[in-house]
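>>> Take a look and give me a structure for this.
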Amino acid sequence: MSGRIPVGSAFLLTGVITAIGYGIMSLTTPSEQQFYDRLAPDLKAKVDRSRAAQAEAKARADQLAAINNSAEEGKPVWTSGK
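Numbering: from 1, shown residues only. Model (predicted):
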């Protein structure tokens with residue numbers, strides 16, 4: 001049976017290679033804040049505008065959900081707002 005790879009050793013080697021790859025990835029990938037800090041000022045402004053638009057869209061969705069909940073409960077729409 002020469003030439004046959006032991007199964008346990010193959011699993012161990014696969015696990016070690018995967019762990020090394022994950023370690024390298026976690027060491028070299030910047031966090032979201034580090035990435036944002038390294039952006040050019042014009043790109044930071046673009047990201048800020050995008051985040052503001054997302055926050056506004058979420059606020060609208062929350063308001064619509066509140067209106068929908070009040071409609072299901074039979075309440076008038078003007079009692080569900082902020």
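
>>> For this structure, which residue occupies the most central location?
Geometric centre of the chain, nearest residue: residue 32, 9.9 Å, by Cα atoms, centre = their mean.

>>> That one and residue 5: what is the separation?
41 Å (Cβ to Cβ, to the nearest Å). For the C-beta atoms, the positions are set from N, CA and C on the backbone; glycine is no exception.

>>> quick one, helices of this protein?
For the chain, the helices defined by DSSP state H cover 7-28, 32-37, 41-73.

>>> can you give me the mean pLDDT across the second one?
Helix 32-37 shows an average pLDDT of 94 in the prediction.

>>> Can you pull the poorly scored residue ranges out of the protein?
Regions of the chain meeting the criterion pLDDT under 70 cover residues 1-2, 77, 79-82.

>>> Any figure for the gap between residue 40 and residue 30?
Counting by Cβ to Cβ, the gap from residue 40 to residue 30 is 15 Å.

>>> same question, residue 71
With Cβ to Cβ as the criterion, residue 71 and residue 30 are 46 Å apart.
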